[in-house]
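Enquirer: below is the sequence, then the predicted model.
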Amino acid sequence: AQSVTQLDSQVPVFEEAPVELRCNYSSSVSVYLFWYVQYPNQGLQLLLKYLSGSTLVESINGFEAEFNKSQTSFHLRKPSVHISDTAEYFCAVSPEGGKLIFGQGTELSVKP
Amino acid sequence: GAVVSQHPSWVICKSGTSVKIECRSLDFQATTMFWYRQFPKQSLMLMATSNEGSKATYEQGVEKDKFLINHASLTLSTLTVTSAHPEDSSFYICSARGVLNTEAFFGQGTRLTVV
């Protein structure tokens, strides 16, 4: 079985500051790793994913995440956040071809 | 990217009535669809997984007779909440994955309020 732990339920940060949202997972099999973003009263949008290969993956809006197999982590980072990044962020894992298992979510609040 | 459309985006119904929510994949064939329920300030709880043409697989604790899932075509799945009660009020989200996809794509969600 797989599980995902997002270590911070809320992360307040000032605009233009760097941010890291932490995610740890456990699994006995190889998994795909994902970060999704959810804006209020909306569905989830894929931010980035790790399937294989380079352990550092990037999104088009400046986010990046690094897969660390030894620490079973997939932390999400952004060097400079904007007000528009305020949202709920979910880390998720799935065994290849299997169902998504979500973490509890991290509420990122960017303040001016 | 792939688009999943969920309808309606919000619905209010009377206690005891049934509500149907549709989830459509617009530009790909969804061999697998997932239905989630999300409570305020909480994560997504997987309710069931459905493969086209097969019966849905429900997660433990989810009443299959209350939450009817149909996945009759490769582009459409429906969730029917039967005899809805106020405790069924929630945000329901579907997602779809095609045979060539490594990730699932999500609909916009449906806010159900039972009064």
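Expert: It's in.

Enquirer: just grab the bridge partners of the residue of chain B found nearest chain A for me.
Expert: Of all residues in chain B, residue B:106 sits closest to chain A, at 4.0 Å by Cβ to the nearest Cβ. Glycine gets a C-beta too; all of them are placed from N, C-alpha and C. Legend: beta-bridge partners of residue B:106 under DSSP bridges are residue B:95.

Enquirer: okay, now it: neighbour count?
Expert: Neighbour count for residue B:106, taken as other Cβ atoms under 10 Å in any protein chain shown: 24.

Enquirer: could you check how far it is from residue B:29?
Expert: Noted for residue B:106: a distance of 17 Å to residue B:29, by Cβ to Cβ, to the nearest Å.

Enquirer: ok, residue A:85 next?
Expert: As judged by Cβ to Cβ, residue A:85 and residue B:29 stand 33 Å apart.

Enquirer: so residue A:106 touches residue A:12, yeah?
Expert: No - when contacts are counted by Cβ atoms under 8 Å, residue A:106 is not listed as touching residue A:12 (11.1 Å).

Enquirer: compare these two (neighbour count), which wins?
Expert: Shown here are residue A:106 and residue A:12; by other Cβ under 10 Å, residue A:106 has more neighbours (22 against 11).

Enquirer: near chain B, which residues of chain A?
Expert: A:32, A:34, A:36, A:41-46, A:49, A:51, A:90, A:99-100, A:102-105, A:107 (Cβ under 8 Å from any Cβ of the partner chain).

Enquirer: recalculate using a threshold of 6 Å.
Expert: Within chain A, the positions adjacent to chain B are A:42, A:43, A:44, A:46, A:49, A:51, A:99, A:102, A:104, A:105 by Cβ under 6 Å from any Cβ of the partner chain.

Enquirer: which ones among the residues you listed map onto strands?
Expert: Applying DSSP state E to the residues of chain A next to chain B, the entries found in strands are A:44, A:46, A:49, A:102.

Enquirer: can I get those residues in CSV with pLDDT?
Expert: Listed next are those as CSV, based on pLDDT from 0 to 100:
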residue, pLDDT
A:44, 90
A:46, 91
A:49, 93
A:102, 92
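
Enquirer: alright, that wraps it up for me.
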